[in-house]
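Undergrad: sequence-free structure coming up:
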């Protein structure tokens, strides 16, 4: 369709699905279509216009004016079955930002994750209780997590978890999505806690269990605690779950980096060599792993 010169307003629905598939199926989809899709959504939904208008109208009024222009643009295509509605396009934006940022985090690419998070920055003018503001903060916190700034990031995760567990309304966020974000926040917090010498990670694992979330971080915790038998048990479970869900690329990409600390603490020279060889191979495809 691009070769045929079809406009982005017709392409965006398919591009968004491909970007989402980059997180759930194969990172190559995100690498190939991520930047183009994010740029197209920014332009079509008026977010670039909002940034220009804020200098003259302020953040909030500039955003409303830009969204009105974008809504009118989509309205003109309402009879075209290839074009989503304005509301559907906004949902595609949120899905793309979340999955593209998540893909970057697994590839330990905080710079790209921050760039995708900033796509929705103009929408933070809708207020601190809006889903856009929450998603922006969530994605930025994810990006900072893989920058190894744990002392600064861990309190931010605790604030996000407390907010998700509270009864405070987050406008535009349904209950199911709220639970998923809570699971993601607990998981990120648990990854940091697994490197400590206490039982905090296991307490977080119990909270994830209560949500019905499947756990990956238990293996890292047991390895850091020197319990290699349980480490191998939960590592195998994680791989089996990833195969069942079709997300094996996530385990293959994340595991070598995550195992470095545990191999160092357990004096596992062979494990360290294996992780190094895996990273050397992966870095040929994922540039961010080269560092």
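TA: Sure thing, it's come through. For clarity, every value in this text was computed on a predicted model and none was experimentally measured.

Undergrad: Now do the same contact list for residue 164.
TA: Residues in contact with residue 164, defined by Cβ atoms under 8 Å, 6 or more residues apart in numbering, are 178, 181-182, 185. (Glycine included, C-beta is placed from N, CA and C.)

Undergrad: Of those, which is the most crowded?
TA: Using other Cβ atoms under 10 Å as the neighbour criterion, residue 185 leads the contacts of residue 164 with 24 neighbours.

Undergrad: so that one touches residue 154, yeah?
TA: No. Contact criterion Cβ atoms under 8 Å: residue 185 and residue 154 do not qualify, at 11.3 Å.

Undergrad: circling back: could you dump the contacts of residue 164 to CSV with pLDDT, secondary structure and distance to residue 87?
TA: Converted to CSV, these look like this (pLDDT from 0 to 100; DSSP: H, G, I helix; E, B strand; the rest coil; distance: Cβ to Cβ, whole Å):
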residue, pLDDT, secondary structure, distance to residue 87
178, 90, helix, 19
181, 90, helix, 21
182, 91, helix, 25
185, 90, helix, 26
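
Undergrad: Which single one of those residues is nearest to residue 4?
TA: residue 181 (38.6 Å; Cβ to Cβ).

Undergrad: Nearest residue to the closest one in space, please, no chain neighbours.
TA: residue 164 (6.0 Å; Cβ to Cβ, 6 or more residues apart in numbering).

Undergrad: Could you do residue 96 as well?
TA: With Cβ to Cβ, 6+ apart, the residue lying closest to residue 96 is residue 19, at 4.8 Å.

Undergrad: what's around the one you found, how many residues?
TA: Neighbours around residue 19, by other Cβ under 10 Å: 27.

Undergrad: Wasn't it part of a strand?
TA: No. Counting by DSSP: H, G, I helix; E, B strand; the rest coil, one finds residue 19 to be helix, located in no strand.

Undergrad: how near is residue 198 to residue 204?
TA: According to Cβ to Cβ, to the nearest Å, residue 198 stands 11 Å off from residue 204.
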